[in-house]
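Student: Compute the structure for the input listed below.
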Amino acid sequence: MASSYWINVLDYGATGNGSTDDTTAVQSAINAVPSSGGTVATGFVYGADSAFYEGDVSAGTAPTQAQHLTRKDYADSKVSPAPVTLTDAATIATNAALGNLFRVTLGGNRTLGTPTNPTDGQRAVREPIQDGTGSRTLTLSSAFGLGSTISSVTLTTTANKRDFVTAVYNASKSKWYVIDFVKGH
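Tutor: The predicted model follows:
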């Protein structure tokens, strides 16, 4: 039975800032796990190939490689620490690789363009904000799929109010499926 032994990768040089490659620090932490086993990376740690790692090294497993930790490639693990402010334009461009929360203040009726650089399974929230005039509309590009529960996205019209549109990307369909729409904050 593995003992309750925890290794904090920050003690081995990881920065955990989401941009520095902490693979060497993760490996050092794995190497420090005693033969009885233990848990490495109590949180998310940035690693090679934009992956995050967390997990246990069990008794009887030679703790010698980062592959003993679970890669966390789902997008929610790649949350950018700050919301991304999008540029208002007739067609609003989004680089999905920059984060998971995207804000834009609408200065007119707009189209949310097809996001570039998405990750399969990525969940992203778009936060359109009405300007001081209000009554702005937002049309979603054909890359967004609506279902029977959320069959349309009609923004609140009140000046300076914001709405939230959450979508999950499916790479096999090249589609952002809208799974939540909340109005009037």
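
Student: Would you state the helices of this structure in chain order?
Tutor: For the chain, the helices defined by DSSP state H cover 23-32.

Student: Strands of that one, start to end?
Tutor: 6-7, 38-47, 51-57, 70-72, 84-85, 91-92, 101-106, 110-112, 123-130, 138-140, 144-145, 164-170, 175-182 (DSSP state E).

Student: Quick one: mean pLDDT for the second one?
Tutor: Throughout strand 38-47, pLDDT has a mean value of 46.

Student: can you check stretch 149-163 too?
Tutor: Computed over stretch 149-163, the average pLDDT equals 95.

Student: buried ones in it?
Tutor: 150, 153, 155-156, 162-163 (16 or more other Cβ atoms under 10 Å). Every residue, glycine included, has its C-beta placed from N, CA and C.

Student: How about stretch 112-125?
Tutor: For stretch 112-125, using 16+ other Cβ under 10 Å, the buried residues are 112-115, 118-119, 122-125.

Student: can you tell me which of those residues lies nearest to residue 25?
Tutor: residue 119 (23.6 Å; Cβ to Cβ).

Student: I'd say that closest one and residue 170 touch.
Tutor: No: Residue 119 is not in contact with residue 170 according to Cβ atoms under 8 Å; the separation is 11.0 Å.

Student: low pLDDT regions in this structure?
Tutor: Residue ranges of the chain with pLDDT under 70: 1-9, 15-23, 26, 29-30, 32-81.

Student: quick revisit: which one of the buried residues of stretch 149-163 is nearest residue 139?
Tutor: residue 153 (8.4 Å).

Student: do you know how far residue 85 is from residue 114?
Tutor: The spacing between residue 85 and residue 114, counted by Cβ to Cβ, to the nearest Å, is 19 Å.

Student: go on, residue 184?
Tutor: Taking Cβ to Cβ, one finds residue 184 at 27 Å from residue 114.

Student: same thing with residue 82?
Tutor: As judged by Cβ to Cβ, residue 82 and residue 114 stand 23 Å apart.

Student: same deal with residue 135?
Tutor: 25 Å.

Student: One more: residue 171?
Tutor: From residue 171 across to residue 114, the span is 13 Å (Cβ to Cβ).

Student: Can you name the residues that contact the nearest residue to residue 143 once chain neighbours are set aside?
Tutor: Closest residue to residue 143 apart from its sequence neighbours, by Cβ to Cβ, 6 or more residues apart in numbering: residue 114 at 3.9 Å. When contacts are counted by Cβ atoms under 8 Å, 6 or more residues apart in numbering, residue 114 touches 141-143.

Student: most neighbours, which of those residues?
Tutor: Of all those, the most densely surrounded is residue 143 (16 neighbours; neighbours counted as other Cβ atoms under 10 Å).

Student: do you know how far it is from residue 111?
Tutor: Distance from residue 143 to residue 111, by Cβ to Cβ: 11 Å.

Student: what sits against the closest residue in space to residue 154 that isn't next to it in sequence?
Tutor: Leaving aside its chain neighbours, residue 154 sits nearest to residue 137 (7.7 Å; criterion: Cβ to Cβ, 6+ apart). By Cβ under 8 Å, 6+ apart, the residues touching residue 137 are 109-110, 154-155.

Student: Thank you, goodbye.
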